[in-house]
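Novice: Mind looking at a prediction? Sequence and model below.
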Amino acid sequence: MCIRDSYYTGYGAREFNGVPANDLDDLVAFELSQGRPLITAAVSGPLAPEIVMGIEREGPARVYTVWRAGDDAPSRVDLANLASVQIDSFFMKNWVVVVRPGERPDWSASIGRLRLDVLRWASKHLRAHKELFHETRRNYATGLAAFDSFSTFLTERLEASGDAGVAYARDHLTALSAARASAASRLPVWADELPDFDDLRVDDPDALAATIRALAPLYADSSAHVARAHEALLAEDVPACTSALGAAASAERDASTHLDRVAELAPRRF
């Protein structure tokens with residue numbers, strides 16, 4: 001079970017995987033009786049997020065009411081005699097996420113502290129080579145290593161992956177470009193608002209704000225390069241796509257210098 005608590009809400013996400021079918025039914029029935037939301041994936045269908053809205057049990061029948069992403073109305077699915085709701089997944093067996101009241105800490109971090117934590121994490125994430133994806137229990141490439149890994153996928157495995165692989169690559173590039181554009185838009189705001197948080201105790205707030213602000217144009221460049229990579233992929237020009245990704249990775253490397261500087265200037269203990 002993986003636990004993630006939120007400082008904002010006091011609630012925590014609890015992830016379950018590999019539980020027996022009867023235990024899953026009991027868990028779902030209990031959580032719904034408490035009025036708490038549940039999220040799962042691929043209830044006897046394509047691997048996609050779904051909200052569990054109800055369960056009915058009578059004899060061998062196990063009827064789940066779920067609302068699938070993209071649907072206009074809920075669906076009812078009888079899972080009788082199925083060992084797992086994710087029938088097509090090797091890594092997920094009765095995977096479900098529940099949201100419960102957590103143990104709110106005695107103090108809550110200010111928005112300013114949380115923002116600096118995000119930037120410190122980004123510095124570490126950028127230089128890491130892999131992280132564990134809890135849902136599948138597999139490692140995935142991160143940061144700069146992810147650009148190389150994705151380019152290798154495009155040049156060596158894209159054709160063999162078929163339509164599903166092409167759709168994944170397009171979606172990945174779309175999301176990556178949007179994320180970097182968001183960073184380019186919000187980081188100057190973070191820099192401008194830094195003086196508003198008087199609990200940060202930063203030795204040189206002007207230098208920290210300037211360093212955060214310097215990240216914005218680099219992420220704007222990265223976003224533009226990734227957008228060009230997406231256009232090249234649509235045109236089935238893989239060499240142009242990987243070249244644009246290389247340019248994006250270069251902008252990310254330049255950003256890493258500023259992220260490291262943020263980590264140096266930001267207070268590590270509060």
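Specialist: Good, I have the coordinates. These numbers come from a predicted model, not from an experiment.

Novice: pLDDT weak spots in the stretch 1-150 of the chain?
Specialist: 1-11, 43-48, 88-90, 102-109, 131-139 (pLDDT under 70).

Novice: Just the strands from it, written as ranges.
Specialist: 2-5, 11-16, 38-41, 49-58, 61-68, 75-78, 96-101, 130-133, 138-141 (DSSP state E, counting those that start in this stretch).

Novice: What's the separation between Ala21 and Asn94?
Specialist: Distance, Ala21 to Asn94, by Cβ to Cβ, to the nearest Å: 6 Å. For the C-beta atoms, the positions are set from N, CA and C on the backbone; glycine is no exception.

Novice: deepest of the strands of the stretch 1-150 of the chain, which one?
Specialist: Among the strands of the stretch 1-150 of the chain, strand 38-41 has the highest mean neighbour count (mean count of other Cβ atoms under 10 Å), at a mean of 20.

Novice: Which neighbouring elements make contact with that strand?
Specialist: helix 21-33, strand 49-58, strand 96-101 (3 or more Cβ pairs under 8 Å, 6 or more residues apart in numbering; DSSP states H and E).

Novice: Which among the ones you listed is found nearest to Phe153?
Specialist: Among the helices and strands packed on strand 38-41, the nearest to Phe153 by Cβ to Cβ is strand 49-58 (23.4 Å).

Novice: Can you name the residues that contact the spatially closest residue to Val238 that is not a sequence neighbour?
Specialist: Nearest residue to Val238, sequence neighbours excluded (Cβ to Cβ, 6 or more residues apart in numbering): Leu154, at 5.4 Å. Neighbour list for Leu154: Ala169, Leu233, Val238, Cys241, Thr242, Leu245 [criterion: Cβ atoms under 8 Å, 6 or more residues apart in numbering].

Novice: Same question for Ser243.
Specialist: Taking Cβ under 8 Å, 6+ apart, we find Ser243 in contact with Ala232.

Novice: picking up where we left off before, for the strands of the stretch 1-150 of the chain, which one sits closest to Pro188?
Specialist: Comparing the strands of the stretch 1-150 of the chain under Cβ to Cβ, the one sitting nearest is strand 130-133, at 28.2 Å.

Novice: picking that back up, I'd like the contacts of Leu154 written out as a markdown table, with distance to Pro74 and secondary structure added.
Specialist: Below are the contacts of Leu154 laid out as a markdown table (distance: Cβ to Cβ, whole Å; DSSP: H, G, I helix; E, B strand; the rest coil):
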| residue | distance to Pro74 | secondary structure |
| --- | --- | --- |
| Ala169 | 32 | helix |
| Leu233 | 35 | helix |
| Val238 | 41 | helix |
| Cys241 | 39 | helix |
| Thr242 | 43 | helix |
| Leu245 | 40 | helix |
